[in-house]
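J.: here's a sequence, model it:
(one chain, ligands or ions: 1)
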Amino acid sequence: MRTSPPGRKRVVIVGGGSAGISVASRLRRAGVGDIALVEPSETHWYQPLWTLVGGGQAPLNGSRRPQSTVVPRGVHWIRRSAEGVDPDARVVILHGGHELAYEHLVLAPGLQLDWGGVPGLAEAVDRDRVSSNYAAEYAPHTWELIRDMRSGTAVFTQPATPVKCGGAPQKIVYLAADHWRRRKVLRDIRVVFVLPDTVLFRVGEYRRILEQVVARYGVEVRFQSEMTAVDGARDSITVTDHARGTTESLAYDFLHAVPPQSAPDWIKAGPLADPASPQGFVAADRHTLQHPRYANVFALGDVAHLPTSKTGAAVRKQAPVVAANLIDVMRGRAPEHRYDGYTSCPLVTARDRVLLAEFDYELRPRPSFPFIDTSKERRDMWLFKRYLLPPLYWHGMLTGRL
Ligand code: FAD
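T.: The predicted structure follows:
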């Protein structure tokens, strides 16, 4: 049964991850009051570190902080999950049936990992030989498996759905391969990367480098292919090759699996989902991030249906646009601020090298460092990812300063 609480909040933000907290901080800095944040988790995660956790280069602890330390002062934190939105009545339905009424809504609940989307995957993950950097509880196991491997077949997969950080499924391939190379066991390990695309990366400038990286480690890349089943008892997966129309059983000694991903089920089933998004992501104007039918609703981050790669770096550019456009709308103006699709992926290509891919909707490289040639694998960019980006995230992006 729905119960309506008294009072309509000026702004309700659903999700206190990278996107929700960044927008909340920016609105507070601009003097906006009466903001409620709906977020069930007591922990805030800095997920980009999980690649390095899985690669044995960072502790998991460095990726978490109590949520209470990142919620900006003056924001009313509601420790519950949202389970629906009625945009005509302007209410968010909370777990337990309570309703939270809003004047303006920001949707930022991230995306959903569909472990059940590949038969056998949910049962196999985190057991003996299977891991995934896509969940905090599994990422440390990735490193244990990489560290202990001396020979056999290592299989890494990427699903056919959009994923958060499109580069993450392959970064761990390179971290693992470089570890095995340094240990002088790489020649005894067959490394297979299964990916649905026809190329390693959509931006030509970065793709050419990644092709060299793959060749350097001797990675066998299965293009236009997908893992369609896991048999954890037999340590094998089914690989479907969409180009050839064939399926094949592939035995593994180590499997790093990335699950299919989609909008949270309640978003998918709700009225704000984009009918053009097969995974049910929220409709949003690609430049203003405003919902096409509800002018008082904005979406950003992983949950938004935008033709760019879903990353925290993209959120960093989206959050100021959403905050400024929301203020425009509150003042009765048309939203004027524009997001250009900027996204970035620090592609870890070795244990001490990063290729910093930055690009926009047009897939044009958009380097942020004017005097550094980031079209190469660089050690300073690895140091940047490992040691500079986390404090910039906690102290700059989340506080709305950066
Ligand atoms: P999230 O940060 O996931 O936050 C969503 C929040 O919503 C969470 O706090 C969650 O608890 C909350 N929530 C969920 N359901 C509900 C609900 N029903 N009601 C209310 N709240 C809810 N990005 C980069 O820029 N660079 C990288 O190198 C990089 N590497 C990555 C590596 C890995 C392994 C992974 C998993 C991600 C990586 N990312 C990277 C992606 C980046 O972490 C995400 O794009 C970013 O966190 C998206 O922000 P968000 O706020 O949309 O979602």
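J.: number of nearby residues for Arg222?
T.: Arg222 has 20 neighbours, counted by other CB atoms under 10 Å. Just so you know, the C-beta spots here come from the backbone N, C-alpha and C atoms, and that holds for glycine as well.
J.: so what's the residue most central in space within the chain up against?
T.: Central residue of the chain (CA atoms, centre = their mean): Lys164, 2.7 Å from the mean position. If a contact means CB atoms under 8 Å, 6 or more residues apart in numbering, then Lys164 has 47, 110-111, 134, 261, 302, 310-311 as its contacts.
J.: can you do 10 Å?
T.: 47-48, 110-111, 113, 134, 258, 261, 301-302, 309-312, 314 (CB atoms under 10 Å, 6 or more residues apart in numbering).
J.: for the helix or strand where Val192 lies, list every residue counted as buried.
T.: Using DSSP states H and E, Val192 sits in strand 189-194. For strand 189-194, burial by neighbour count (16 or more other CB atoms under 10 Å) applies to 189-194.
J.: ok, those vs Gly341, which is closest?
T.: Nearest to Gly341 among these, counting by CB to CB, is Phe193 at 26.3 Å.
J.: retrieve the pLDDT associated with the closest one.
T.: For Phe193, the pLDDT comes out at 98.
J.: what's the pLDDT at whichever residue of the chain sits closest to the ligand?
T.: Nearest residue of the chain to the ligand: Gly17, at 1.7 Å (CB to the nearest ligand atom). Per-residue confidence for Gly17 comes out at a pLDDT of 98.
J.: could the buried residues of strand 189-194 go into CSV alongside distance to Gly117?
T.: Formatted as CSV, the buried residues of strand 189-194 follow (distance: CB to CB, whole Å):
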residue, distance to Gly117
Ile189, 28
Arg190, 26
Val191, 24
Val192, 21
Phe193, 19
Val194, 15
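J.: residues in contact with His272?
T.: In this structure residue 272 is Leu, not His. 84-87, 105, 107, 263, 280-284, 291-294, 297, 299, 303.
J.: buried only: go through those residues for me.
T.: 84-85, 87, 105, 107, 263, 280-284, 291, 294, 297, 299, 303.
J.: in strands, which of these appear?
T.: Among the buried ones among the contacts of Leu272, the members found in strands (DSSP state E) are 84-85, 105, 107, 297, 299.
J.: okay, among those, which ones form the most distant pair?
T.: Between any two of those (CB to CB), the greatest distance is 15.1 Å, for Gly84 and Ala299.
J.: low pLDDT regions in the chain?
T.: 1-6 (pLDDT under 70).
J.: which residue ranges of it form helices?
T.: Along the chain, counting by DSSP state H, helices occupy 18-29, 50-54, 121-124, 139-148, 168-182, 204-217, 265-268, 312-330, 379-383, 389-391.
J.: tell me which of those lies nearest to Asp352.
T.: Across these, closest to Asp352 is helix 379-383 (CB to CB), at 5.3 Å.
J.: dump the closest one to PDB, keeping only the CA atoms.
T.: What follows is helix 379-383 as a C-alpha-only set of coordinates in PDB (Å, rounded to 0.1, in the frame of the first residue of the first chain):
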ATOM      1  CA  ARG A 379      53.900   5.500 -16.900                       C
ATOM      2  CA  ASP A 380      52.900   9.000 -15.700                       C
ATOM      3  CA  MET A 381      49.300   8.200 -16.600                       C
ATOM      4  CA  TRP A 382      49.500   5.000 -14.600                       C
ATOM      5  CA  LEU A 383      50.700   7.000 -11.600                       C
END
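J.: quick one: residues in contact with it.
T.: Applying CB under 10 Å, 6+ apart, the external contacts of helix 379-383 come out as 52, 57, 346-356, 369, 372, 374, 388-389.
J.: just the buried members of those residues?
T.: Among those, those buried by neighbour count (16+ other CB under 10 Å) are 52, 57, 346-351, 353-356, 374, 389.
J.: that older thread, go ahead and confirm the residue of the chain closest to the ligand touches Pro40.
T.: No: using CB atoms under 10 Å, Gly17 makes no contact with Pro40, being 11.4 Å away.
J.: compare those two (neighbour count), which wins?
T.: Neighbours per residue, other CB under 10 Å: of Gly17 and Pro40, the larger number sits with Gly17, 24 against 15.
J.: which parts of the chain sit against the ligand?
T.: Within the chain, the positions near the ligand by CB under 6 Å from any ligand atom are 14-20, 38-41, 47-48, 50-51, 81-82, 108-110, 133-134, 164-165, 168, 264, 301-303, 310-313, 315, 346.
J.: just the buried members of the residues you listed?
T.: Among the residues of the chain next to the ligand, those classed as buried by 16+ other CB under 10 Å are 14-20, 38-39, 47-48, 50-51, 81-82, 108-110, 133-134, 164-165, 168, 264, 301-303, 310-313, 315, 346.
J.: give me the neighbour count for Pro307.
T.: Considering only other CB under 10 Å, Pro307 is surrounded by 8 other residues.
J.: which residues touch it?
T.: Pro307 makes contact with 162, 286, 341, 361 under the criterion CB under 10 Å, 6+ apart.
J.: and the chain, what are its domains?
T.: Split into domains by automatic domain parsing, the chain comes to 9-111+263-340, 119-259.
J.: may I see these organised as JSON lines, with distance to Pro365 added?
T.: Formatted as JSON lines, the domains of the chain follow (distance: least, CB to CB, whole Å):
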{"stretch": "domain 9-111+263-340", "distance to Pro365": "13"}
{"stretch": "domain 119-259", "distance to Pro365": "5"}
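J.: ok, Arg65 touching Leu398?
T.: Yes: with contact defined as CB under 10 Å, Arg65 counts as touching Leu398 (9.1 Å).
J.: those two - which one has more neighbours?
T.: Using other CB under 10 Å as the criterion, Arg65 and Leu398 rank with Leu398 on top: 26 against 15.
J.: got the contact list for the more buried one?
T.: Leu398 sits in contact with 16-18, 20-22, 24-25, 44, 46, 65, 69-72, 319, 392, where contact means CB under 10 Å, 6+ apart.
J.: Ala136 versus the closest residue to Leu186 other than its chain neighbours, what's the distance?
T.: Leaving aside its sequence neighbours, Leu186 sits nearest to Trp180 (CB to CB, 6 or more residues apart in numbering; 4.1 Å). As judged by CB to CB, to the nearest Å, Trp180 and Ala136 stand 25 Å apart.
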